[in-house]
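# need the 3D shape of this:
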Amino acid sequence: QGMRTLMSILAEIRCMTAALAVGLQQAALNDSIRYAHERAQFGSTIGRYQMIQGKIADMATDLDASRLLTYRATRMIDEKISCIKEASMAKYFATEAACRAGDKVTRILGAYGYSMEYSAQRYYRDNRFLLYGGGTHEILRQNIARWAGL
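Purely as a prediction, here's the structure:
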């Protein structure tokens, strides 16, 4: 009974971590879009350039996938269904995606991305903290590979 309880608590921690990562991704995406609309270079806003659009598209896609994985795992928790695999996948993907979003927002903002006046530098730092709560990515990847049949 103790191991089952521990796995249930671990699944909840992983879902909470994934949810935090989703929130940070959303904030990074919002800031990126806002800046892309405001910043002009060579006669137009940077949001009109393909490279910026690609970064925004990647962030939006990662955010949606992270959100869906997290929703699935949290729904299972609500329904009292064992979900350690789903929670692990949500935590792994969402926190990796949050780190990618932190990297992309700092690149979109350029030098401003590292300025304390902008939130981008905080997303870049804070997202990395999420990699460790509820299990390291090395452990999560090993478990996910095992659950996949390896």
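
# buried set for the helix ranked longest in the chain?
In the chain, taking DSSP state H as the definition, the longest helix is helix 2-38. Within helix 2-38, the residues scored as buried using 16 or more other C-beta atoms under 10 Å are 8, 10-12, 14-22, 24-29, 31-33, 35-36. Any C-beta I mention is one placed from the backbone N, CA and C, and that applies to glycine too.

# same deal with stretch 105-124?
Within stretch 105-124, the residues that count as buried by 16+ other C-beta under 10 Å are 105-106, 108-109, 113, 118-121, 123-124.

# give me the residues contacting it.
For stretch 105-124, the surrounding residues in contact (C-beta atoms under 8 Å, 6 or more residues apart in numbering) are 24, 27-29, 31-32, 35-36, 46, 52, 55-56, 59, 98, 101-103.

# stretch 2-16 now?
By C-beta under 8 Å, 6+ apart, stretch 2-16 touches 70, 73-74, 77, 82-84, 86-88, 90-91, 133-135.

# now, the most widely separated pair of the residues you listed?
Across the contacts of stretch 2-16, the longest distance by C-beta to C-beta is 20.6 Å; it joins S82 and G133.

# hey, which helix or strand in this protein has the poorest pLDDT?
helix 120-129 (a mean of 88; mean pLDDT, DSSP states H and E).

# give me the angle between the helix or strand just after it and helix 2-38.
Sequence order places helix 137-147 as the next helix or strand after helix 120-129, per DSSP states H and E. If you take axes from the mean of the first three to the mean of the last three C-alpha atoms, to 10 degrees, helix 137-147 sits at 110 degrees to helix 2-38.

# show me what counts as buried in helix 137-147.
If you call a residue buried by 16+ other C-beta under 10 Å, then helix 137-147 has these buried ones: 140, 143-144.
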